[in-house]
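Participant: Pasting the sequence and the predicted coordinates here, then a few questions.
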Amino acid sequence: MARIVVDVMPKPEILDPQGKAIANELPRIGLDRFAGVRQGKRFELTVDGEATEDVLAQAREAAEKLLSNPVIEDVVRVAVLDEER
């Protein structure tokens, strides 16, 4: 069984109020080295068997058609999840 990770982020020109709230809070808890924060979404798709190129292509299609809103979001990564971490 394999897992594929899909990361979706707001487009750069889209306001990110959640990311801004996090960025404002970081210095208050002593973490002041970050210039900004953007909050996105992560999906993990489980596959029976191996994550072949065909399966990855279907995951990319799912990411573009269902998991993201192409008007305001970019699909930034579709990859096999490294189980070694």
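Facilitator: Structure's in. What do you need?

Participant: what does stretch 37-48 rub up against?
Facilitator: For stretch 37-48, contacts defined as C-beta atoms under 8 Å, 6 or more residues apart in numbering pick out 1-10, 16, 18-20, 22-23, 26, 55, 59, 62-63, 67-68, 73, 76, 81. In short, each C-beta sits where N, CA and C put it, glycine included.

Participant: Mind giving me the PyMOL select for these, buried ones only?
Facilitator: Buried members of the contacts of stretch 37-48, defined by 16 or more other C-beta atoms under 10 Å, are picked up in PyMOL with:
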select buried, resi 2+4+6+7+8+9+10+16+19+23+55+59+62+63+67+68+73
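
Participant: Which ones among the contacts of stretch 37-48 lie within strands?
Facilitator: A2, R3, I4, V5, V6, D7, V8, M9, P10, E73, V76 (DSSP state E).

Participant: farthest-separated two in the residues you listed?
Facilitator: Spatially, the most separated pair among those is A2 and P10, at 28.0 Å (C-beta to C-beta).

Participant: Please list all residues in contact with E64.
Facilitator: Shown in contact with E64 (C-beta under 8 Å, 6+ apart): P70, V75.

Participant: give me the low-pLDDT residue ranges for this structure?
Facilitator: Within the chain, the ranges that satisfy pLDDT under 70 run 83-85.

Participant: which residues touch A51?
Facilitator: A51 is in contact with A2, R3, I4, V80, counting by C-beta under 8 Å, 6+ apart.

Participant: Dump those residues into a markdown table; add distance to D48 as well.
Facilitator: Shown next, in a markdown table, are the contacts of A51 (distance: C-beta to C-beta, whole Å):
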| residue | distance to D48 |
| --- | --- |
| A2 | 9 |
| R3 | 11 |
| I4 | 12 |
| V80 | 14 |
